[in-house]
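A.B. asks: structure for this input, please:
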Amino acid sequence: MKLSEFISGNKVERYQYSSFEPNLINHKWDIDDSELMYVLSRADIKLGELNAFSQLVPDIDFFVNMHVAKEGAQSSRIDGTQTNIEEAIQKEKHISPEKRDDWLEVQNYISAMNYAIDKLDELPLSNRLIRETQQILLQGVRGEIKLPGEFRKSQNWIGDNSLSTALFIPPHHSSIDNLLSDLELFLHNNYDFVPPLIKIGIAHYQFETIHPFLDGNGRIGRLLITLFLVSNDLLVKPTLYISDYFERYRNNYYDNLTNVRTQNDLRNWLIFFLEGVYQTAEKSINTFKKIIELRDKDTKLLFQLGRKNELAIQLLNYLFKQPSHDINDVADNLKINFSTAARLVDDFVKLNILKESTGNKRNKLFHYEEYLNLFK
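C.D. replies: As a prediction, the model looks like this:
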């Protein structure tokens, strides 16, 4: 099929409503658009730069943790939570009761992402992995009653409170197995060659259109992008998180997805998506460069601590993984007593590496603020 001749699907009359039934996507694609191929080329090059750069950064896993936390906060924010990056990295004991529901949804996203990335060593990117990941996403939160880990067996909809006034009604549940089987085949189709970034752009649109779960479709669909890039060796580490771009241009994100269904405009969705890959990869590269500069600067500051330097280096490494903590956290992680941890944290405050955020005399909370600011 030529991209310019793409037909997204059609509406099917049901009892008192119409569902949108998308066409299958696992077939040959002819990308007959020079502007789209140019945007694809830019995105490919920038993604390759990010992949190469991430392999040169020492201790990259420290920083990946923060990228995952930011992705969790931003992807969940698109779906209505209010947790920011500072809160996302804190332990539950530091979160006020009125914010814990939103905080837990972000923690579930982080857990789901980490689980899925690790599971790729055992399982291919598949409907099974997607179901298992979605089950973790909904554990103990507002969607836990909506069949976590199972594809829906009833009709769902997007927008408003009823089918009769919904903004969009996804395909009937009887179509889901066939549509998801086709999507899975498309993701693994190495015969009818489609450029990988074009493929995951189409797949993300299709997944969001199928809307196979009763809850969590948006977050799983965005997570699918990262899983695809890692599973296809386009990224060695999960360092591209596009939800920040989707959140900044939220209206364009939804409008472009809608226009594919209503106007068969797959082209402009793909251009929007590829521009997001380019911008996000470029931003991630710049963030990694600033992290390296910051670590070099603060490592030099620690020489002032003399005999404490070795322990201080351990704390600095801990901060790149967990930049918000109390003294008990430091003592537990470094396996030192409380008083030693307190003196070490005080040294970091005097060096302007850490800042205390509560103003309390007890139960103080410290932030590696300069590092946190790189992810805002």
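A.B. asks: only C-alpha atoms for contact and neighbour calcs from this point on.
C.D. replies: Noted.
A.B. asks: now do the same contact list for the residue lying closest to residue 20 once chain neighbours are set aside.
C.D. replies: Nearest non-adjacent residue to residue 20, counting by C-alpha to C-alpha, 6 or more residues apart in numbering: residue 11, 4.4 Å away. Residue 11 makes contact with 18, 19, 20, 21, according to C-alpha atoms under 8 Å, 6 or more residues apart in numbering.
A.B. asks: over to residue 203?
C.D. replies: Counting by C-alpha under 8 Å, 6+ apart, residue 203 makes contact with 183, 186, 187.
A.B. asks: how is this structure carved up into domains?
C.D. replies: Following automatic domain parsing, one finds the domains of the chain at 3-20+29-287, 295-373.
A.B. asks: pick the most buried one from those.
C.D. replies: domain 3-20+29-287 (a mean of 18; mean count of other C-alpha atoms under 10 Å).
A.B. asks: and the closest residue to residue 344 other than its chain neighbours, what's its pLDDT?
C.D. replies: Of all residues not flanking residue 344 in the chain, residue 312 sits nearest, at 7.1 Å (C-alpha to C-alpha, 6+ apart). With respect to pLDDT, residue 312 scores 95.
A.B. asks: from memory residue 312 sits against residue 303, does it?
C.D. replies: No: using C-alpha atoms under 8 Å, residue 312 is not in contact with residue 303, being 9.1 Å away.
A.B. asks: quick one: what helix or strand has residue 113 in it?
C.D. replies: Element membership for residue 113, per DSSP states H and E: helix 100-119.
A.B. asks: list the contacts of the following helix or strand past that helix.
C.D. replies: Sequence order places helix 127-137 as the next helix or strand after helix 100-119, per DSSP H and E. Helix 127-137 is contacted by residues 105, 108-109, 111-113, 115-116, 119, 123, 148-151, 180-181, 184, 216, 220 when judged by C-alpha under 8 Å, 6+ apart.
A.B. asks: now the angle from helix 127-137 to helix 100-119?
C.D. replies: Interaxial angle, helix 127-137 versus helix 100-119 (axes from the mean of the first three to the mean of the last three C-alpha atoms, to 10 degrees): 150 degrees.
A.B. asks: now helix 127-137, how far from the centre of its chain.
C.D. replies: Centroid separation between helix 127-137 and its chain, computed with C-alpha atoms, centre = their mean, to the nearest Å, is 15 Å.
A.B. asks: helices or strands up against the following helix or strand past that helix?
C.D. replies: Per DSSP H and E, the first helix or strand lying C-terminal to helix 127-137 is helix 176-187. Counting contacts by 3 or more C-alpha pairs under 8 Å, 6 or more residues apart in numbering; DSSP states H and E, helix 176-187 is packed against helix 127-137, helix 196-210.
A.B. asks: can you put those in TSV and add mean pLDDT?
C.D. replies: Formatted as TSV, these follow (pLDDT from 0 to 100):
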stretch	mean pLDDT
helix 127-137	96
helix 196-210	98
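A.B. asks: adding distance to residue 355, write these out as TSV.
C.D. replies: Shown next, in TSV, are these (distance: least, C-alpha to C-alpha, whole Å):
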stretch	distance to residue 355
helix 127-137	33
helix 196-210	41
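A.B. asks: nearest to residue 372, out of these?
C.D. replies: Of all the helices and strands packed on helix 176-187, helix 127-137 sits nearest to residue 372, with 24.8 Å by C-alpha to C-alpha.
A.B. asks: please save the CA atoms from that closest one in PDB.
C.D. replies: Extracted in PDB, the C-alpha atoms of helix 127-137 (Å, rounded to 0.1, in the frame of the first residue of the first chain):
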ATOM      1  CA  ASN A 127       0.900  -9.400  23.200                       C
ATOM      2  CA  ARG A 128       1.900 -11.600  26.200                       C
ATOM      3  CA  LEU A 129       4.600  -9.100  27.300                       C
ATOM      4  CA  ILE A 130       2.200  -6.200  26.800                       C
ATOM      5  CA  ARG A 131      -0.500  -7.900  29.000                       C
ATOM      6  CA  GLU A 132       2.000  -8.700  31.800                       C
ATOM      7  CA  THR A 133       3.300  -5.100  31.700                       C
ATOM      8  CA  GLN A 134      -0.200  -3.600  31.800                       C
ATOM      9  CA  GLN A 135      -1.000  -5.800  34.900                       C
ATOM     10  CA  ILE A 136       1.900  -4.300  36.800                       C
ATOM     11  CA  LEU A 137       0.800  -0.800  35.700                       C
END
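A.B. asks: show me the shaky parts of the protein.
C.D. replies: In the predicted model, the chain carries pLDDT under 70 at residues 143-145.
A.B. asks: what's the closest of the helices and strands packed on helix 176-187 to residue 368?
C.D. replies: Among the helices and strands packed on helix 176-187, helix 127-137 sits nearest to residue 368 (C-alpha to C-alpha), with 28.2 Å.
A.B. asks: name all residues that make contact with the residue nearest to residue 105 when sequence neighbours are not counted.
C.D. replies: The shortest distance from residue 105 to any non-neighbouring residue, by C-alpha to C-alpha, 6+ apart, is to residue 141 (6.4 Å). With contacts defined as C-alpha under 8 Å, 6+ apart, residue 141 is in contact with 101, 104, 105.
A.B. asks: quick one: these as CSV, columns for distance to residue 264 too.
C.D. replies: Below are the contacts of residue 141 laid out as CSV (distance: C-alpha to C-alpha, whole Å):
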residue, distance to residue 264
101, 38
104, 38
105, 34
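A.B. asks: just the residues you listed now: which is nearest residue 43?
C.D. replies: Out of the contacts of residue 141, the member with the shortest distance to residue 43 (by C-alpha to C-alpha) is residue 105, at 30.7 Å.
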